[in-house]
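Colleague: Prediction below, plus the sequence it came from.
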Amino acid sequence: MEISKRLLLKSHLKERPRDEKKLGFGDIFTDHMFKMDYYDGAWRLPRIEPNSPLSLSPAAMVLHYSQTIFEGLKCYRHPDGRLALFRPRENFKRFNQSARRMCIPQVDEAFMLQALKELLRVDGDWTPSAPGSSLYVRPTIIATEPHLGVRPSKEYLLFVILSPVGAYYKEGFGPIKIHVEGFYTRSAPGGLGSVKAGASYAGSLLATDQAARKGFSQLLWLDSQEHRFVEEVGSMNMFFVIDGKIVTPKLGGTILPGVTRFSVLDVAGDLGLEVQERNLDIREIIEAQNSGRLNEAFGSGTAAIISPVGTLSYDGNEFTVSDGQVGPITQKLYDELVGIQYGHRPDKRGWVEYLD
């Protein structure tokens, strides 16, 4: 398909952020967006046009039955000025996995990558260069058919928007505080835990808000059946360093298969670090902390990349991890991964993809 471009006149373009060190996360958006419609059984009319509000029927099915999915990836500015995407094909692969679970039509992954690159050629100048900053990419599909019966929609809108961002957490790469949630549940077997669907996140908002009011950056979710086994943090997959070994919960349908998670596992292996993917009981973590065997804890995700955990709160008690500092293994993984993303270290695995 040919991508049409309906661009704003230069005099109408928005003013760029002047201070890249104060970008925040997800509040500023570029001038243009990519859009594509699904109707009559096919994706149609791919186009780049001004970033503007959407027009939807109040009966649009996304508003009633939450049939929507999204992705998140980043574009980085390298030292030579080139723009680089980090493992974008994995994101569009997961986009389709989410679509299948939500009864949304599949997209052509190669075409989506082409469309993203075209959008970046238009708005790529918005990509910041300050340390720790990037251009966040948010592909989304929503069900647009005006219909109130409960069934999959027959019409959809796909759009991609861009946002220059800084650090996801106010602490930046500093250690964050996490509360272990012992009552509310994020996902259950057979549910949407492994899917980037809006509904997956909506159910987490109440508990997350309650934790934020108590000073915590995020929640660590436990399994829905016994509230014992560690799953993930709202925006990250979790890792613990116990007796010098990296331990992370194994995937099983209730945990999002993070692209950054897979990258951490690969980098850890290349660095000679031992990694275990297995069921991880929260009581094992607390016991390891009490006996001095919990060396470090950190999370990984597209938004935050890697975030060290300095405090865990569980069952009314707070535990300081790694003396509240960034641990050496966390630092080593962060340096390697971020170095690849920003072009400061060689990309031996072919993860970086340039626009040209």
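Modeller: Great, that's in hand.

Colleague: Contacts only, for residue 135.
Modeller: When contacts are counted by Cβ atoms under 8 Å, 6 or more residues apart in numbering, residue 135 touches 30, 74-77, 83, 120, 124, 126-128, 162-165. C-beta: built from backbone N, CA, C; applies to glycine.

Colleague: With residue 21 instead?
Modeller: Residue 21 neighbours (Cβ under 8 Å, 6+ apart): 130, 133, 166.

Colleague: Of those residues, select the buried ones using a ChimeraX command.
Modeller: Here is the ChimeraX command that picks out the buried ones among those, judged by 16 or more other Cβ atoms under 10 Å:
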select :133,166
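
Colleague: Give me the subset of the contacts of residue 135 lying in strands.
Modeller: Judged by DSSP state E, strands contain the following of these: 74, 75, 76, 77, 83, 162, 163, 164, 165.

Colleague: which secondary structure element contains residue 350?
Modeller: Assessed by DSSP states H and E, residue 350 sits outside every helix and strand.

Colleague: And for residue 221?
Modeller: Assigned by DSSP H and E, residue 221 falls in strand 218-222.

Colleague: residue boundaries of the helices in the stretch 101-250 of the chain?
Modeller: In the stretch 101-250 of the chain, the helices defined using DSSP state H, counting those that start in this stretch lie at 109-123, 198-202, 205-213.

Colleague: From the contact counts, what lies against the first one?
Modeller: I take that to be helix 109-123. Other helices and strands packing on helix 109-123, by 3 or more Cβ pairs under 8 Å, 6 or more residues apart in numbering; DSSP states H and E, are strand 32-39, strand 42-50, helix 88-101, strand 134-143, strand 156-165.

Colleague: any idea of the mean pLDDT in it?
Modeller: Helix 109-123 carries an average pLDDT of 97.

Colleague: Residue 174: neighbouring residues, count only.
Modeller: Residues lying near residue 174 (other Cβ atoms under 10 Å) number 14.

Colleague: from now on call the first residue 619
Modeller: From this message on, residue numbering opens at 619, which makes the last subject residue 792.

Colleague: need the contact list for it.
Modeller: Taking Cβ under 8 Å, 6+ apart, we find residue 792 in contact with 926, 928, 944.

Colleague: I'd like to know which of these are part of strands.
Modeller: 926, 928.

Colleague: Tabulate the contacts of residue 792 (JSON lines), appending distance to residue 963.
Modeller: Shown next, in JSON lines, are the contacts of residue 792 (distance: Cβ to Cβ, whole Å):
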{"residue": "926", "distance to residue 963": "20"}
{"residue": "928", "distance to residue 963": "26"}
{"residue": "944", "distance to residue 963": "18"}
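
Colleague: List the buried residues for stretch 645-658?
Modeller: In terms of neighbour count (16+ other Cβ under 10 Å), stretch 645-658 has its buried residues at 646, 647, 648, 649, 650, 651, 652, 653, 654, 655, 656.

Colleague: An error on my part: the question was meant for stretch 933-951.
Modeller: For stretch 933-951, a neighbour-count test (16+ other Cβ under 10 Å) marks 937, 939, 940, 944, 945, 947, 948, 949, 951 as buried.

Colleague: and which of the residues you listed is nearest residue 789?
Modeller: Set against residue 789, the nearest of these by Cβ to Cβ is residue 944 (10.6 Å).

Colleague: Quick check: closest non-adjacent residue to the closest one.
Modeller: Nearest in space to residue 944, with sequence neighbours left out and distances taken as Cβ to Cβ, 6 or more residues apart in numbering, is residue 926 at 4.6 Å.

Colleague: Specify the beta-bridge partners of the one you found.
Modeller: Here residue 926 sits in beta bridges with residue 916, going by DSSP bridges.

Colleague: do the one 5 residues further on as well
Modeller: When assigned by DSSP bridges, residue 931 has beta-bridge partners residue 797, residue 936.

Colleague: still on that earlier bit, tabulate the contacts of residue 792 (CSV), appending pLDDT and distance to residue 964.
Modeller: Output for these, formatted as CSV (pLDDT from 0 to 100; distance: Cβ to Cβ, whole Å):
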residue, pLDDT, distance to residue 964
926, 95, 25
928, 96, 31
944, 95, 24
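
Colleague: Residue 641 is in contact with residue 744, correct?
Modeller: No: the pair formed by residue 744 and residue 641 falls short of the contact definition of Cβ atoms under 8 Å, at 10.5 Å.

Colleague: Give the residues shared as contacts by these two.
Modeller: Contacts common to residue 744 and residue 641, judged by Cβ under 8 Å, 6+ apart, are residue 782.

Colleague: Name the nearest residue to the residue sitting nearest the centre point of the chain, ignoring sequence neighbours.
Modeller: Note on the chain: the residue nearest the mean C-alpha position is residue 920, at 4.2 Å, using Cα atoms, centre = their mean. Of all residues not flanking residue 920 in the chain, residue 690 sits nearest, at 4.6 Å (Cβ to Cβ, 6+ apart).

Colleague: ok, how many other residues are close to that neighbour?
Modeller: Residue 690: 18 surrounding residues under other Cβ under 10 Å.
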